[in-house]
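> Sequence and predicted structure below; questions after.
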Amino acid sequence: DVLKLFRRSKKLALIALSLKRSASELLLFVLVWGLGVIIFSVIMYYAEGDRNPKMNSILATCWWAVATMSTVGYGDVYPKTPTGQVIGTVVSFLSMIFLAMPLTIIVSSFSKTYKDSKKGRSRQSPDENNGI
């Protein structure tokens, strides 16, 4: 049913096409974000590992990094030392800035896709222009 909706709605098809066109940029974003999770997890482990029982492994700090970098912030694992708290603050602010990037990529791609569809539609007959 969802696929039928995409086929029948030209506006949803535009959104899908713009996401498809920006797939490589979004994949790069996900890879860089994952690298950030690993780097900040290691940093936080060395800052907190001995003094915080909830951050006693790099895997445990990975959970903290994912929750913090995705701006979810569950609150189940958090830094307790002043050094860890400063690192956590920096990670949180950098993540907010970093998470704004995919939005600009998607909007730019959608704008280009929409303009391309308008150019294609102006070449069509007036009867074919009733979709968008």
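Now that the structure is in, tell me what you want to look at.
> Pretty sure Ser22 sits against Ser109.
Yes: at 3.9 Å, Ser22 and Ser109 qualify as touching, with contact defined as CB atoms under 8 Å. The C-beta positions use only the backbone N, C-alpha and C, and glycine is treated the same way.
> and Ile38, what is it in contact with?
By CB atoms under 8 Å, 6 or more residues apart in numbering, Ile38 lies in contact with Cys62, Ala65.
> Helix or strand: which one has it?
Ile38 belongs to helix 23-48 when assigned by DSSP states H and E.
> Which is the succeeding secondary structure element to that helix?
helix 58-69.
> ok, and what's touching that next one?
Contact with helix 58-69 is made by 33, 36-38, 40-42, 44-45, 48-49, 54-55, 73-74, 76-79, 88, 91-92, 95, 98, as judged by CB under 8 Å, 6+ apart.
> again, only using 10 Å
With CB atoms under 10 Å, 6 or more residues apart in numbering as the test, helix 58-69 has contacts from 33-34, 36-49, 52-55, 57, 72-79, 84, 87-89, 91-92, 94-96, 98-99.
> That one versus helix 23-48: what angle between them?
120 degrees (axes from the mean of the first three to the mean of the last three CA atoms, to 10 degrees).
> Tabulate the CA atom coordinates of helix 58-69 in CSV.
Taking Å, rounded to 0.1, in the frame of the first residue of the first chain, the C-alpha atoms of helix 58-69 are listed here in CSV:
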residue,chain,number,x,y,z
ILE,A,58,34.6,1.4,25.5
LEU,A,59,31.3,-0.4,24.6
ALA,A,60,29.5,1.2,27.5
THR,A,61,30.8,4.7,26.5
CYS,A,62,29.7,3.9,22.9
TRP,A,63,26.1,3.8,24.3
TRP,A,64,26.7,7.2,26.0
ALA,A,65,28.2,8.6,22.8
VAL,A,66,25.2,7.4,20.6
ALA,A,67,22.7,8.8,23.1
THR,A,68,24.6,12.1,23.4
MET,A,69,25.5,12.6,19.7
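> any residues touching the very next helix or strand once past that helix, and which ones?
Helices and strands here follow DSSP H and E; after helix 58-69, the next one along the chain is helix 82-99. The contact list for helix 82-99 (CB under 10 Å, 6+ apart) reads 29, 32-33, 36-37, 39-41, 43-49, 51-52, 55, 61, 64-65, 68-71, 73, 78-79, 81.
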